[in-house]
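J.: please work out how this folds:
(2 chains)
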Amino acid sequence: MSGSVDIKQKMAYHPLLLGGIALIAGAMLVFADAGTRDQIAERQAEDLRASLTQVVADHEHDNKLLEDTVVLHAPLEFSDYENGITFYRARLQGKVVAVSFQVIAMGYSGAINIMMSVRSNGSIMGVRVISHAETPGLGDKIEVAKSTWIDHFSGLSLEEQSSAQWAVKKDGGAFDQFSGATITPRAVVRAVHKGLLYFKAHRAEILGEDATDD
Amino acid sequence: MTDYKQIMRDGIWDNNVVMVQMLALCPLLAVTSTATNGLGMGLATTAVMLTSNIVVSALRNIISQEVRIPVFILLIATIVTLIDLGMNAFMHDLHKVLGLFIPLIVTNCCILARAESFASRQSLLPSAMDGLMMGAGFTLALVVLGGVREIIGSGTLFANAALLLGDSFSFLDMQLLDHYRGFLLMVLPSGGFLALGFLLAGKSWLDHRQADRALVAAKAARIAAINAMDDEDDLAGGDRT
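T.: Numbering: from 1, shown residues only, chains lettered A, B, ... in the order given. Take a look at the predicted model:
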């Protein structure tokens, strides 16, 4: 140690080392990102397709859902509406039978991404939670894998249930809350309700030329 | 010479990350509401710890003492991000289950602790072994804690194991208590603290019992040795007479 001048003891060595390693790490991340970006985008498109088939059964339509879309920019709570909310139209023999779109609920621990599909008559065809960060064992009963709770939305519409009923039972509504987790189902119910209201308000734009058919 | 057996013992039992070093309790309590989550987090952490130990050990001669901590953190964060990206692209289903936990691994202090206290001083192979074994010990603690909380909290064990390990492991998914309404406390973080307390007490009890047994055995050996010496004396005495 003493006497010999160790290169590691020089003042410039530390920043150079740190900088060098940061450079290598950064380069590796750039390569990894470039190498996996397409794969990840493809996987996410598959996920989207999979989540669409959960809310729109295959026999309900005969078109390609991902290719028949309409994008709206009207405000919707929590959604990234400035970049547009995409509506995926399901057609049977050319006629729009339902549209699927994503709504976002603010749950107990951040955003809950929900895919819902609405029939052209305004009733819900299906609702599924795509991703969430709710407490395992409590809030995660919104997943269809854990509980059938989410299926209770199917068939409901704004006409069938008044605005007051679009709430959990604790708040005087029609939906069960979970023991230990009220915030999560409350947020989901609210988001689905907002989604239906949005559909009603923009029905003509969303359904396109088919709006007057029924 | 490096004692791999000792590294193995240290990692899994004698110097267990959770049960002895008391590190990484934050991810531990956060994810162990089920055994499957614990296993997933444990495996991901093991992969990161193994890689980071290897990289740190390989670079230990050029990393200077003064900037070692930022360098370690940078390396660990890079490794975690690479694993995150790789899993997202090539093991997408697994990533969907574990995706939430993976960025958490960066903040896991036991990885930095192993880099600092072991990998930066030892050569490649022992460091790799240490990372693997510390990870195995962490996984063990996570699975045990997750299992206990899951059984008491919701009456199942390894629920959704098939999501993590593939359909061939669906046999692990067990409903242990039928019509069990669940014990919410164990699923909540406070239940995690309680279960962790009992786990630590249990480990300590096992260690004490083993130490007591060793003590008794040593005593017995000493008495036997004294008796044997007495016998020799007797024999010697007998000869003299």
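J.: C-alpha only now, for contacts and for neighbours.
T.: Noted.
J.: can you give me the strands in the chain?
T.: Picking chain A for this. In chain A, the segments counted as strands under DSSP state E are A:69-72, A:85-92, A:95-107, A:110-119, A:124-131.
J.: oops, wrong one, chain B.
T.: Counting by DSSP E, the strands of chain B are B:156-157, B:174-175.
J.: which of the strands of chain A sits closest to chain B?
T.: The closest of those to chain B is strand A:124-131. By C-alpha to the nearest C-alpha, the value is 8.7 Å.
J.: which outside residues touch that closest one?
T.: A:51, A:54-56, A:98, A:112-119, A:142-144, A:150-151, A:153-157 (C-alpha atoms under 8 Å, 6 or more residues apart in numbering or on different chains).
J.: if we use 6 Å, what do you get?
T.: A:55, A:112-119, A:143, A:154-156 (C-alpha atoms under 6 Å, 6 or more residues apart in numbering or on different chains).
J.: now the strands of chain A as TSV including mean neighbour count and mean pLDDT?
T.: TSV is the format used below for these (neighbours: other C-alpha atoms under 10 Å in any protein chain shown; pLDDT from 0 to 100):
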stretch	mean neighbour count	mean pLDDT
strand A:69-72	17	87
strand A:85-92	22	89
strand A:95-107	23	91
strand A:110-119	22	91
strand A:124-131	22	90
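J.: put together JSON lines for these, with distance to residue B:220 on each row.
T.: JSON lines is the format used below for the strands of chain A (distance: least, C-alpha to C-alpha, whole Å):
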{"stretch": "strand A:69-72", "distance to residue B:220": "83"}
{"stretch": "strand A:85-92", "distance to residue B:220": "79"}
{"stretch": "strand A:95-107", "distance to residue B:220": "64"}
{"stretch": "strand A:110-119", "distance to residue B:220": "62"}
{"stretch": "strand A:124-131", "distance to residue B:220": "62"}
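J.: among those strands, single out whichever gets nearest to residue A:17.
T.: strand A:110-119 (38.6 Å; C-alpha to C-alpha).
J.: what sits up against the closest one?
T.: Defining contact as C-alpha under 6 Å, 6+ apart, one finds that strand A:110-119 is touched by A:55, A:97-105, A:124-132.
J.: so where's chain B uncertain?
T.: By pLDDT under 70, the low-scoring segments of chain B are B:1, B:163, B:181, B:234-241.
J.: most centrally placed residue in it?
T.: With distances taken as C-alpha atoms, centre = their mean, the residue of chain B nearest its centroid is residue B:137 (1.8 Å).
J.: now it. Nearest residue, chain neighbours left out?
T.: Spatial nearest neighbour of residue B:137, chain neighbours left out: residue B:12 (4.0 Å); criterion: C-alpha to C-alpha, 6 or more residues apart in numbering or on different chains.
J.: burial count for the one you found?
T.: Neighbour count for residue B:12, taken as other C-alpha atoms under 10 Å in any protein chain shown: 24.
J.: what does residue A:32 give?
T.: Residue A:32: 16 neighbours (other C-alpha under 10 Å).
J.: ok, residue A:172 - how many residues close by?
T.: Residue A:172: 11 surrounding residues under other C-alpha under 10 Å.
J.: which residues sit in contact with it?
T.: By C-alpha under 6 Å, 6+ apart, the contact list for residue A:172 is empty.
J.: and it, how far from residue A:111?
T.: 24 Å (C-alpha to C-alpha, to the nearest Å).
J.: and what of residue A:99?
T.: Residue A:99 is 22 Å from residue A:111, by C-alpha to C-alpha.
J.: ok, now residue B:128?
T.: Counting by C-alpha to C-alpha - residue B:128 and residue A:111 are separated by 39 Å.
J.: again, but for residue A:27
T.: 32 Å.
J.: please enumerate the helices of the chain.
T.: Just so you know, I chose chain A. A:13-55, A:183-201, A:203-207 (DSSP state H).
J.: to clarify, I was referring to chain B.
T.: B:4-9, B:25-31, B:35-58, B:68-90, B:92-98, B:109-114, B:124-154, B:161-165, B:184-187, B:189-240.
J.: and for residue B:92, nearest residue in space, chain neighbours not counted?
T.: Of all residues not flanking residue B:92 in the chain, residue A:43 sits nearest, at 7.0 Å (C-alpha to C-alpha, 6+ apart).
J.: what's the answer for residue A:157, then?
T.: That would be residue A:123: by C-alpha to C-alpha, 6+ apart, it lies 4.3 Å from residue A:157.
J.: count of neighbours near the one you found?
T.: 19.
J.: which ones are touching it?
T.: Applying C-alpha under 6 Å, 6+ apart, the residues contacting residue A:123 are A:155, A:156, A:157.
J.: for the residue nearest to residue B:92, report the pLDDT, please.
T.: We have a pLDDT of 88 for residue A:43.
J.: so what's the residue count around it?
T.: By the measure other C-alpha under 10 Å, the count of residues near residue A:43 is 18.
J.: ditto for residue B:229
T.: Applying other C-alpha under 10 Å, I find that residue B:229 has 12 neighbouring residues.
J.: now it: how far from residue B:209?
T.: Distance, residue B:229 to residue B:209, using C-alpha to C-alpha: 30 Å.
J.: domain map for chain A?
T.: A:1-55, A:58-212 (automatic domain parsing).
J.: so which of those domains is the most packed in?
T.: The highest mean neighbour count among those, using mean count of other C-alpha atoms under 10 Å in any protein chain shown, belongs to domain A:58-212: a mean of 18.
J.: quick one: contacts for the residue lying closest to residue B:159 once chain neighbours are set aside?
T.: Of all residues not flanking residue B:159 in the chain, residue B:173 sits nearest, at 4.8 Å (C-alpha to C-alpha, 6+ apart). Residue B:173 sits next to B:158, B:159, B:161 when contact means C-alpha under 6 Å, 6+ apart.
J.: can you tell me which of those lies nearest to chain A?
T.: Among the contacts of residue B:173, and counting by C-alpha to the nearest C-alpha, the member closest to chain A is residue B:159, at 10.0 Å.
J.: okay, residue A:15: pLDDT?
T.: Residue A:15 is given a pLDDT of 89.
J.: let me redo that: residue A:4
T.: On pLDDT, residue A:4 comes in at 49.
J.: also the one 5 residues further on?
T.: Reported pLDDT at residue A:9 in the predicted model: 71.
J.: can you check residue A:135 too?
T.: Confidence score, pLDDT, at residue A:135: 77.
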